[in-house]
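A.B. asks: need coordinates for the following:
(chains A, B, C and D)
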Protein chains: 2
Amino acid sequence: MAAAQDTQDEPRLTRKGQATRDRITDVAAQLMLDGGVASTSIDDVKRAAGVSSSQLYHYFEDKRALVHAVIARQTEAVLGLQRPLLSALDSFEALRAWRDVIVELQGSRDGRGGCPIGSLGAELAEVDVEARHEVAESFAQWETAIRDGLRAMRDQGVLAADADPDRLALATLAALQGGLLLTQIRRETTPLEVALDAAIAHIGTFRAE
Amino acid sequence: MAAAQDTQDEPRLTRKGQATRDRITDVAAQLMLDGGVASTSIDDVKRAAGVSSSQLYHYFEDKRALVHAVIARQTEAVLGLQRPLLSALDSFEALRAWRDVIVELQGSRDGRGGCPIGSLGAELAEVDVEARHEVAESFAQWETAIRDGLRAMRDQGVLAADADPDRLALATLAALQGGLLLTQIRRETTPLEVALDAAIAHIGTFRAE
DNA sequence: GCAGGAATGGATTTGACAATCCATTCCTGC
DNA sequence: GCAGGAATGGATTGTCAAATCCATTCCTGC
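C.D. replies: Okay, the predicted model is just below:
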């Protein structure tokens, strides 16, 4: 549960410093979502954030460290949006509402960038072990959030007792990720919609009574 | 249906030349599967394929052209494996057999590299429009193969008449891609298994009678 | 108000890597 | 067997981006 905010390893940050650091992270996250990690240069980040080399390297050991901060940042952003929706699951309507939010959000970008977490994971998995572990942890949190929502549905009698929230959550996350990837490639939300609808239909299989 | 073999744009290739070109493509495909596109250098490819600069640039305009050839190569490889299995779909046993092959194959790599097509798509989507289109085309072919298999199952009375092979195929491909990504990140096949099992269960919803 | 660390400026170095170039050798068709 | 394109050798160039360095300025706590 270690947040991304305080990496108080060596230097203590002043308020101003923290702001600069956050700005760099945010800008980098945006650039890397729009264009991938490898093709966003440190110079790009410097320019977009309006900072100098000294500043950037004052807050981040190297590009990898920046990337790690970006992963943490995107994890916060995604889960910050997802958790409220998922913890409110008490009906299939709520589940569909969750689906709609995601589809709408992705549609507004025409799928560009794909999943902020998944795309980082895909690009970094074979290149940066540490990054892979961080992404794995992000996915684990996401999966947990889904599972808790489904558990709630079960406990409220919306889902049958024999429904397995763990498996359903993992399958749902997979469907979501696959849908996001295909939507990113096709620049069109149909795959995401169909994938999520199928996942929800599968969950519907475990409707109570 | 244009194959990857003959890019007879300008130079006509001799048998030997074709062999060299293929070797470069194969080696590049392997390296890029193992380490991603951005982090495999032309030098890496040269070394591994045992060719010189002149050779590589004799057959490929630049790195992008090589990447395009790799996409085509991986598409052939994947569909070459998938199509026979999918066109033989005539029962849920066959569907499960298809699932098992994929799980086994990916398990033998511990998920490393993820999907040969999907990982390329994810890394290149926002960087190389042409590559994105090529990957989209590959996915379309894959989706078609799945759809045809499901259609066959329906026509043979295994699936009900109201089953929608188009939607089911898209949902299945999404589940597969998501499962592959999560499995790549976690280095463990559970996500892939659960995702495919859910997809198959969903298809099972449309079992005849 | 001053000491010391934090924050910033900005030029510079270093290295990697894609791509080019000029030869030379090898084949293949005629 | 020879002409001409294909294939290869291998050094070299040029670019770009990551990272370093030495200052200088700014704050904050005491």
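
A.B. asks: may I see the buried residues of the helix or strand containing A:Asp100?
C.D. replies: Assigned by DSSP states H and E, A:Asp100 belongs to helix A:92-108. Neighbour-count burial for helix A:92-108 flags A:94-95, A:98-99, A:102-103, A:106 (criterion: 16 or more other Cβ atoms under 10 Å in any protein chain shown). Every C-beta, even on glycine, is put in place using the N, C-alpha and C of the backbone.

A.B. asks: check whether the longest helix along chain A contacts chain B.
C.D. replies: In chain A, assigned by DSSP state H, the helix with the most residues is helix A:129-155. Yes: Helix A:129-155 lies within reach of chain B by Cβ under 8 Å from any Cβ of the partner chain, at A:132, A:135-136, A:139.

A.B. asks: and which of the residues you listed is nearest to DNA strand C?
C.D. replies: For the residues of helix A:129-155 next to chain B, the closest approach to DNA strand C (Cβ to the nearest atom of the strand) belongs to A:Arg132, at 19.8 Å.

A.B. asks: for B:Ala125, see how far away that closest one is.
C.D. replies: Separation of A:Arg132 from B:Ala125 (Cβ to Cβ, to the nearest Å): 19 Å.

A.B. asks: one more: A:Arg47?
C.D. replies: Applying Cβ to Cβ to A:Arg47 and B:Ala125 gives a distance of 23 Å.

A.B. asks: what segments of chain A are helices?
C.D. replies: Assigned by DSSP H, the helices in chain A fall at A:15-35, A:42-49, A:53-59, A:63-87, A:92-108, A:118-124, A:129-155, A:165-186, A:190-204.

A.B. asks: so which elements touch the third one?
C.D. replies: It refers to helix A:53-59. Applying 3 or more Cβ pairs under 8 Å, 6 or more residues apart in numbering or on different chains; DSSP states H and E, one finds that helix A:53-59 contacts helix A:15-35, helix A:42-49.

A.B. asks: quick one on the thing from earlier: identify the residues contacting the helix holding A:Asp100?
C.D. replies: Helix A:92-108 has contacts (Cβ atoms under 8 Å, 6 or more residues apart in numbering or on different chains) with A:81, A:85-86, A:88-89, A:149, A:153, A:158, A:176, A:180, A:183, A:189, A:192-193, A:196-197, A:200, A:203-204, A:207.

A.B. asks: go again with 6 Å.
C.D. replies: Outside of helix A:92-108, the residues within contact range by Cβ atoms under 6 Å, 6 or more residues apart in numbering or on different chains are A:85, A:88, A:183, A:189, A:192-193, A:196, A:200.

A.B. asks: now the angle from that helix to helix A:190-204?
C.D. replies: 170 degrees (axes from the mean of the first three to the mean of the last three Cα atoms, to 10 degrees).

A.B. asks: quick one: average confidence on helix A:92-108?
C.D. replies: Per-residue pLDDT values over helix A:92-108 give a mean of 98.

A.B. asks: circling back: JSON lines please, covering the buried residues of helix A:92-108 and showing distance to DNA strand D.
C.D. replies: As requested, these are arranged in JSON lines below (distance: Cβ to the nearest atom of the strand, whole Å):
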{"residue": "A:Ala94", "distance to DNA strand D": "43"}
{"residue": "A:Leu95", "distance to DNA strand D": "41"}
{"residue": "A:Trp98", "distance to DNA strand D": "36"}
{"residue": "A:Arg99", "distance to DNA strand D": "37"}
{"residue": "A:Ile102", "distance to DNA strand D": "31"}
{"residue": "A:Val103", "distance to DNA strand D": "34"}
{"residue": "A:Gln106", "distance to DNA strand D": "27"}
